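Student: Predicted model and sequence follow; I will ask about them next.
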Amino acid sequence: MSLSPDAVAAAFLAACRAELDAAKPGNVHRHAGGHGMTADTFEAAAAATAPWIARPDLRVGARILAATRASWDAVGLNANLGIVLLCAPLAAAAERPASGRSLRQAVTAVLATLDQQDTRDAFAAIALATPGGLGEAGEHDVRSPPTIGLVAAMCLAADRDLVARQYAGGFREIFEIGLPAIAAAQAAGQDDPETGAALAAYLAFAVAFPDSHIQRKFGLAEAESVRRRMAALADDLSRTPDRDERLAMALRLDAELKHKGRNPGTSADLTVASLFARNLAEAQRE
């Protein structure tokens, strides 16, 4: 079934809060802020963003721009651009009548409708948020008038940015990495908010790919070094059933990465989108 704006907004806020509950090494969470931000920063950004993400009368690009402006007005910095870019198409997909289609199929249909106006609005949002590197693509830089649709524009950045890759690949990593990691953690009874399903999704992305945010700021070698540290943590956690010990492990790596200024922000964005997709799919089944 199609979801109401209230249901979409609730699913979005629940995803944002679950991601903040998770002790994500290097990224902001309720146990520790970092990089000039706290959990309250992201709570405020999510609250400002949710109504715009869930606006069925707006196209995807318009939602992205309005949500980014609202977030910026609320917290004065780029707190959730990647989240907004990922969640706007998912929200639009959930609002469509299901007619036997899965959420993934609906996302594919939404992506096929994106045009130059969506590109124009998304580019304006990216330029406002100034994420550093994202959107710099020669003749199709975000500061230039777009001449192509949003999916085509994202394809130009897909080799260096995992958020852009979702548009280029039909949100493949969300549906084939994030959602399975969440489901596996739930099936294993890992329901602790700090080290359960949300952390499992975060680590799944952080282990599968050198984080785009770290790569843009510090280069591929450093991003790969962080990826290896995440893989070692994931391996240790897989052999550790005790909740307190699991949390301590995650927080040790968290402190190490924050001391070095390393933030796997793209992995966190993908985690929110995966949790949002899970929430939307569950709401559609109710």
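Tutor: In hand now; what should we look at?
Student: where do the helices sit along the stretch 51-200 of the chain?
Tutor: In the stretch 51-200 of the chain, helices defined by DSSP state H, counting those that start in this stretch lie at 60-75, 81-94, 103-113, 116-129, 150-155, 162-168, 172-173, 179-187, 197-208, listed in chain order.
Student: can you put those helices in a markdown table and add distance to Ser267 and mean pLDDT?
Tutor: Just so you know, the C-beta spots here come from the backbone N, C-alpha and C atoms, and that holds for glycine as well. Listed next are these as a markdown table, based on distance: least, C-beta to C-beta, whole Å; pLDDT from 0 to 100:
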| stretch | distance to Ser267 | mean pLDDT |
| --- | --- | --- |
| helix 60-75 | 20 | 97 |
| helix 81-94 | 10 | 97 |
| helix 103-113 | 20 | 96 |
| helix 116-129 | 18 | 93 |
| helix 150-155 | 18 | 95 |
| helix 162-168 | 8 | 97 |
| helix 172-173 | 11 | 98 |
| helix 179-187 | 11 | 97 |
| helix 197-208 | 4 | 98 |
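Student: JSON lines please, covering the ones you listed and showing mean neighbour count and distance to Leu270.
Tutor: JSON lines is the format used below for these (neighbours: other C-beta atoms under 10 Å; distance: least, C-beta to C-beta, whole Å):
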{"stretch": "helix 60-75", "mean neighbour count": "22", "distance to Leu270": "16"}
{"stretch": "helix 81-94", "mean neighbour count": "28", "distance to Leu270": "7"}
{"stretch": "helix 103-113", "mean neighbour count": "18", "distance to Leu270": "14"}
{"stretch": "helix 116-129", "mean neighbour count": "21", "distance to Leu270": "17"}
{"stretch": "helix 150-155", "mean neighbour count": "22", "distance to Leu270": "14"}
{"stretch": "helix 162-168", "mean neighbour count": "24", "distance to Leu270": "6"}
{"stretch": "helix 172-173", "mean neighbour count": "16", "distance to Leu270": "7"}
{"stretch": "helix 179-187", "mean neighbour count": "17", "distance to Leu270": "10"}
{"stretch": "helix 197-208", "mean neighbour count": "26", "distance to Leu270": "5"}
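Student: Ala14 is nearest to which of these?
Tutor: Among the helices of the stretch 51-200 of the chain, helix 197-208 comes nearest to Ala14, with 10.9 Å by C-beta to C-beta.
Student: other SSEs contacting the following helix or strand past the closest one?
Tutor: Next helix or strand after helix 197-208 toward the C-terminus (DSSP states H and E): helix 212-218. Counting contacts by 3 or more C-beta pairs under 8 Å, 6 or more residues apart in numbering; DSSP states H and E, helix 212-218 is packed against helix 220-238, helix 265-285.
Student: hmm, what's the outermost residue in this structure?
Tutor: Relative to the C-alpha centroid of the chain, counting by C-alpha atoms, centre = their mean, Asp242 is the outermost residue, at 28.1 Å.
Student: unless I'm mixing things up, Leu128 is touching Arg69, no?
Tutor: Yes: here Leu128 reaches Arg69: they are 6.8 Å apart, a contact under C-beta atoms under 8 Å.
Student: Near the closest residue to Gly82 other than its chain neighbours, how many other residues are there?
Tutor: Nearest non-adjacent residue to Gly82, counting by C-beta to C-beta, 6 or more residues apart in numbering: Asp269, 3.3 Å away. Residues lying near Asp269 (other C-beta atoms under 10 Å) number 27.
Student: swap in Asp6?
Tutor: Using other C-beta under 10 Å, Asp6 has 10 other residues around it.
Student: Right, I'll call it a day here.
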